[in-house]
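below is the sequence, then the predicted model.
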Amino acid sequence: MTVCGQCWQPPGPTLDFLRGSWRVDRLLADFRSGQRGTFAGTAAFSPWIDRGPAEGELEYHEQGELRFGAHLGPASRSLLYRPAPDGSAEVLFADGRPFYRLDLRSGCWQAEHPCNRDLYAVTVRVLGPDRYTEHWRTSGPGKDYEITTTMTLDQGP
């Protein structure tokens, strides 16, 4: 489902916009525990080489420092982005399970991912050629939290 407002429209396919190195700044709020946290780190969208990549697949890998409640330590995650013929992308977990569809060609996107009885809902907004945000709202019997991530393209030294 597409949502638009004041979003910048990338000139090409979703994965062309995402390819590269990014700075990651994330705010987390767990409404059940009342705890809040942050994540700061880096991420890269790069060719997926471990699987003998299909044309255009990108691996997303992020690493950084997570502060959540009393916890402070390293954190990381990986995802796979597979291009679709229409210019959108299928986002998969690192083990290949489907996660959600992402289409940034209009500059804004919403998607959902049901997980057991919980629902993960994401809104992505492209703010310019070097910046976008993801806002996740997760709710259900097992989870109740929000995560807002700002991704800024790393322009190098």
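Sure, I can see it.

tell me which strands the strand or helix carrying I147 pairs with, and in which orientation.
For I147, the element it lies in under DSSP states H and E is strand 144-153. Next to strand 144-153 in the sheet, as set by DSSP bridges, lie strand 20-30 (antiparallel), strand 131-139 (antiparallel).

buried stuff in it?
Of the residues in strand 144-153, Y145, I147, T149, T150, M151, L153 count as buried by neighbour count, 16 or more other CB atoms under 10 Å. Backbone N, C-alpha and C define where each C-beta goes, glycine included.

for those, give me CSV that also has pLDDT.
Shown next, in CSV, are the buried residues of strand 144-153 (pLDDT from 0 to 100):
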residue, pLDDT
Y145, 98
I147, 98
T149, 98
T150, 98
M151, 98
L153, 98
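
any idea which of the residues you listed is the one closest to R117?
Closest approach to R117 among the buried residues of strand 144-153 (CB to CB): Y145, at 15.1 Å.

beta partners of the closest one?
D30, T138.

I'd say it and A29 touch.
Yes - using CB atoms under 8 Å, Y145 is in contact with A29, at 6.1 Å.

now the strand holding I147 - C-alpha only, PDB.
Taking C-alpha atoms only, strand 144-153 is exported to PDB below (Å, rounded to 0.1, in the frame of the first residue of the first chain):
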ATOM      1  CA  ASP A 144       3.900  -3.500  22.200                       C
ATOM      2  CA  TYR A 145       6.600  -1.200  20.900                       C
ATOM      3  CA  GLU A 146       7.700   1.400  18.500                       C
ATOM      4  CA  ILE A 147      11.000   1.800  16.600                       C
ATOM      5  CA  THR A 148      11.900   4.800  14.500                       C
ATOM      6  CA  THR A 149      15.100   4.600  12.400                       C
ATOM      7  CA  THR A 150      16.700   7.400  10.400                       C
ATOM      8  CA  MET A 151      19.100   6.200   7.700                       C
ATOM      9  CA  THR A 152      21.600   8.700   6.300                       C
ATOM     10  CA  LEU A 153      23.800   7.900   3.300                       C
END
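
ok, residues contacting it?
20-32, 39, 43, 129-138 (CB atoms under 8 Å, 6 or more residues apart in numbering).

so who does the residue most central in space within the chain touch?
Among the residues of the chain, the one closest to the centroid is E134, at 6.1 Å (CA atoms, centre = their mean). E134 sits next to V122, T123, V124, I147, T148, T149, M151 when contact means CB under 8 Å, 6+ apart.

kind regards, and thank you for your time.
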